[in-house]
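> Structure of the sequence below:
(one chain, ligands or ions: 1)
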Amino acid sequence: MPQLMISISGVRGVIGEGLTPEVMLGFAQAYGAYCKGGRVVLGRDSRVSGPLLHHAVTAGLMAIGCEVIDIGIAPTPTVKIATHNLRAAGGLIITASHNPVMWNGIKMLASDGLFLDEEQGKEVLAIRDVGTSSALKKWDSIGQASFYDKASDDHLAAVYTLPFIDIEKIRRRKFRVVADCVNGAGGVMLKKLLEHFGCEFVLLNEPPTGRFTHNPEPVPENLGELCEAVKKHRAHIGLALDPDADRLALISEKGVPLGEEYTLALATAFLLSKRKGKVVVNLSTSMVIDDIAAQHGCTVERTKVGEIHVAKHMQKVDAVIGGEGNGGVILPDIHLGRDAMVGVAMILQQLADFGGPLSELHASLPQYFMRRRKVELSSGLDPKQVLQKILQKYRHENLDTQDGVKILRDESWVQVRASNTEPILRIMSEARSAAIAEKYCEELAAMVAA
Ligand code: MG
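Model (predicted):
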């Protein structure tokens with residue numbers, strides 16, 4: 001399996017195997033040259049390898065003459081907001097998002113705080129290929145680094161002042177909350193937010209030690225401890241973050257995971273009840289979004305998977321909300337990026353408005369069932385060949401080939417696509433019944449393996 005994945009959105013790799021300080025240094029120098037030696041905001045998640053990579057990246061940026069504004073351990077959305085607020089030429093986040101603990105990497109931002117798009121990302125990779133020796137500065141013009149400690153407060157202040165957040169109303173509900181912060185970058189901020197909203201709370205895996213006690217992807221199979229704790233503490237809601245706090249999953253008061261698709265579904269239902277407009281999601285996001293939008297007389301547009309595709313399209317069509325079904329809520333009022341803190345504020349407000357329990361709120365939405373499978377590409381499988389084979393087999397059906405192959409059927413679909421961040425193929429299916437979703441997923445998994 002390749003232990004280093006380089007793409008237009010950054011690098012991910014396994015520490016000490018593919019991902020070394022040299023790799024990060026080279027990447028940081030190329031990015032610094034792309035930013036023309038300007039100001040760069042730098043944040044990281046809590047991973048144990050974070051400080052190691054932080055030093056390499058800082059050195060690379062300074063060598064090119066960049067002014068490095070270090071904001072320390074911070075969620076990805078916080079770095080985005082700081083990049084925009086501090087008028088930087090760019091921003092970098094040292095994170096491997098939801099990947100397991102041995103992974104780390106870089107996500108790259110443009111000056112507007114959005115991830116680099118395809119063209120911008122290719123430019124950085126081209127600079128890296130050519131080399132940056134001609135851009136290295138002499139002793140008297142190397143960059144300087146300073147620390148900015150207000151980034152998370154700036155981010156929270158933006159959340160608190162959202163027009164449809166009524167903090168007094170949320171406080172009156174005295175929500176009991178249990179959250180799993182997965183020892184990631186979001187725990188410290190989430191604690192401040194819950195305190196501000198007058199919640200009673202229990203935080204699991206709160207300190208940002210980066211020593212994940214379970215697989216950090218906030219999907220139901222990893223949230224057993226949280227579900228038990230929600231029941232034990234008789235909480236109104238359970239919250240699960242990923243290590244860089246751009247994804248949010250919800251647990252009902254009954255200790256049942258709603259599935260991360262329903263985070264965006266609830267947020268969309270909430271937002272459209274306040275404000276009408278277009279919704280933008282990726283191709284793999286649940287059809288429940290289409291139903292919710294239709295109920296409000298609004299339309300949904302779909303893009304390739306990957307936050308930048310959604311964000312750019314939201315910008316283009318002036319969407320009121322968007323995101324990805326993996327628990328990534330994007331609210332353009334603050335910034336065009338997935339943001340777990342924004343998600344928490346919206347869901348608590350929605351619960352306060354609704355008055356009843358989360359399980360009832362969830363049940364009030366149309367119900368779909370999804371199945372997901374990862375197929376490792378370790379056995380020398382070529383994803384392009386596999387996709388071609390599937391395309392051939394299902395050519396008589398209704399297909400969408402914007403991203404892998406998506407087969408659209410009656411009130412259901414199944415999709416297979418290559419992951420952007422891991423050496424795997426992802427198979428996803430959705431239907432009105434769990435049995436049909438399962439059947440479609442199995443069918444494609446068998447095809448991939450054959
Ligand atoms: Mg993430």
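> Pick out the residue nearest the middle of this protein.
Using Cα atoms, centre = their mean, the residue of the chain that lies closest to the mean C-alpha position is D246, 4.1 Å off.
> so is it in a helix, a strand, or just coil?
Secondary structure for D246, judged by DSSP: H, G, I helix; E, B strand; the rest coil, is coil.
> Leaving out the residues flanking it, which one is nearest to it?
In this structure, D246 finds its nearest non-sequential neighbour in R338, 4.1 Å apart by Cβ to Cβ, 6 or more residues apart in numbering. No exception for glycine: its C-beta is placed from N, CA and C like everyone else's.
> And what about the one you found, helix, strand or coil?
Counting by three-state DSSP, the backbone at R338 sits in coil.
> The closest residue to the ion within the stretch 301-450 of the chain: neighbour count?
The minimum distance from the stretch 301-450 of the chain to the ion, using Cβ to the ion, falls at R338 (7.4 Å). When neighbours are defined as other Cβ atoms under 10 Å, R338 has 30 of them.
> And A363, by the same measure?
Taking other Cβ under 10 Å as the criterion, the count of residues near A363 is 11.
> Contacts only, for it.
Taking Cβ atoms under 8 Å, 6 or more residues apart in numbering as the contact definition, A363 lies against nothing.
> same thing with G277?
With contacts taken as Cβ under 8 Å, 6+ apart, G277 has the following neighbours: C298, D318, A319, V320, I321.
> And the first one, its phi and psi?
C298 adopts backbone torsions of phi -110, psi 170, taken as degrees, to the nearest 10.
> Would you confirm that it contacts S273?
No - the pair C298 and S273 fails to qualify as a contact (Cβ atoms under 8 Å) at a distance of 10.8 Å.
> OK, contacts around L266?
Contacts of L266 (Cβ under 8 Å, 6+ apart): L250, L258, M346, I347, Q350, L361, H362, L365.
> no wait, P357
Going by Cβ under 8 Å, 6+ apart, P357 touches H236, S252, E253.
> how near is the residue nearest to the centre of the chain to the ion?
Distance, D246 to the ion, using Cβ to the ion, to the nearest Å: 4 Å.
> what about the helices in the stretch 301-450 of the chain?
Along the stretch 301-450 of the chain, counting by DSSP state H, counting those that start in this stretch, helices occupy 307-317, 340-354, 358-363, 383-393, 434-449.
> buried set for stretch 229-248?
For stretch 229-248, the buried set under the neighbour-count rule, 16 or more other Cβ atoms under 10 Å, comprises 229-230, 235-248.
> just how off-centre is it within its chain?
In terms of Cα atoms, centre = their mean, to the nearest Å, the gap separating the centre of stretch 229-248 from the centre of its chain is 16 Å.
> now do the same end-to-end measure for it.
With Cα to Cα, to the nearest Å as the measure, the ends of stretch 229-248 fall 17 Å from one another.
> same question, stretch 416-429
Here the two ends of stretch 416-429 are set 9 Å apart, with distance taken as Cα to Cα.
> ok, now stretch 250-259?
Distance across stretch 250-259, first residue to last, is 7 Å (Cα to Cα).
> returning to that earlier point: highest neighbour count among the contacts of G277?
Looking at the contacts of G277 with neighbours defined as other Cβ under 10 Å, the largest count falls to I321 at 28 neighbours.
> ok, that residue to K36 distance?
Taking Cβ to Cβ, to the nearest Å as the criterion, I321 is separated from K36 by 34 Å.
> per-domain residue ranges of the protein.
The record's domain parsing of the chain by automatic domain parsing lists 5-149, 155-363, 369-449.
> Tell me how far the first one lies from the chain's centre.
The offset between the C-alpha centroid of domain 5-149 and the centroid of the whole chain comes to 18 Å, using Cα atoms, centre = their mean.
> Quick check on the residue of the stretch 51-200 of the chain found nearest the ion: phi, psi?
Among all residues of the stretch 51-200 of the chain, S97 sits closest to the ion, at 3.4 Å; criterion: Cβ to the ion. According to degrees, to the nearest 10, the main-chain angles of S97 amount to phi 50, psi -120.
> and it, how many neighbours?
Neighbourhood size, S97 [other Cβ under 10 Å]: 23.
> got a list of what it touches?
The neighbourhood of S97, defined by Cβ under 8 Å, 6+ apart, consists of D45, T76, K107, D242, P243, D244, D246, R247, T421.
> How about A110?
A110 makes contacts with G90, L116, D117, Q120, as judged by Cβ under 8 Å, 6+ apart.
> And the pLDDT at it?
pLDDT recorded at A110 is 97.
> and the gap between it and E195?
Distance of A110 to E195, given as Cβ to Cβ: 33 Å.
> With E217 instead?
For E217, the distance to E195 under the criterion Cβ to Cβ works out to 27 Å.
> can you check T285 too?
As judged by Cβ to Cβ, T285 and E195 stand 32 Å apart.
> These two: which is more packed in?
With neighbours defined as other Cβ under 10 Å, T285 and E195 compare such that T285 has more, 29 against 10.
> Give me the local confidence score for the more buried one.
96.
> and the nearest residue in space to it that is not next to it in sequence, backbone torsions?
On the basis of Cβ to Cβ, 6+ apart, the spatially nearest residue to T285 that is not a chain neighbour turns out to be G325, at 3.6 Å. Listed backbone geometry of G325 is phi -70, psi -10, with angles given as degrees, to the nearest 10.
> any idea how far G325 is from M370?
Noted for G325: a distance of 8 Å to M370, by Cβ to Cβ.
> Then P257?
12 Å.
> quick revisit: my guess is the residue nearest to the centre of the chain contacts T78, does it?
No - between D246 and T78 no contact is recorded; they are 9.8 Å apart, counting by Cβ under 8 Å.
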